[in-house]
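Peer 1: No sequence on hand, only this structure:
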């Protein structure tokens, strides 16, 4: 039984998606440390990054672990000449979560979400729980089922084969 209750866990519970909560024993200082403590590879950690398209238009991008987003590809896909990363206050206001704990689940209002297909490669992944130092671990197939509105697009600077 999961004892942590956040908008993320509540959303997954409503969807009937199985998951487990992992709480880090101390501060997380790197992606590699987070993966090691979770018994995962860095590629299994999904980062949720919020970008500002215009004054009040945002997009959430999901990428696997250490991968870097190719800004040109993202701008081209979104049909934008310019975009920026959302500020810490914008992230908190729009998602309800602090940076480092953002999730595509349990958002106060829907946010357009794009994802690199690489997030669905591992059999198991971890995503933000809404609380720093804590993560949600779930099967990739369950993640895919829980994100029916997601837009899959190649976002990476260079794909690892």
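Peer 2: Structure received. Just so it is clear, the structure is predicted and the values come from calculations on it, not from any experiment.
Peer 1: nearest residue to the residue nearest to the spatial centre of the chain other than its sequence neighbours?
Peer 2: Of all residues in the chain, the one closest to the mean position by CA atoms, centre = their mean is residue 48, 2.9 Å from it. Spatial nearest neighbour of residue 48, excluding adjacent residues (CB to CB, 6 or more residues apart in numbering): residue 102 at 4.1 Å. (Each C-beta comes from the backbone N, C-alpha and C, glycine too.)
Peer 1: Show residues contacting stretch 128-135.
Peer 2: Identification of contacts with stretch 128-135 by CB atoms under 8 Å, 6 or more residues apart in numbering yields 4, 6-9, 21-24, 26-28, 34, 38, 45, 48, 96-98, 100-103, 106, 126-127, 136.
Peer 1: Below-threshold pLDDT in this protein: ranges please.
Peer 2: Counting by pLDDT under 70, the ranges of the chain that qualify are 1-2, 158-161.
Peer 1: can you give me the strands in the protein?
Peer 2: Counting by DSSP state E, the chain has strands at residues 20-23, 46-54, 57-64, 84-85, 112-115, 124-128, 134-139, 151-152.
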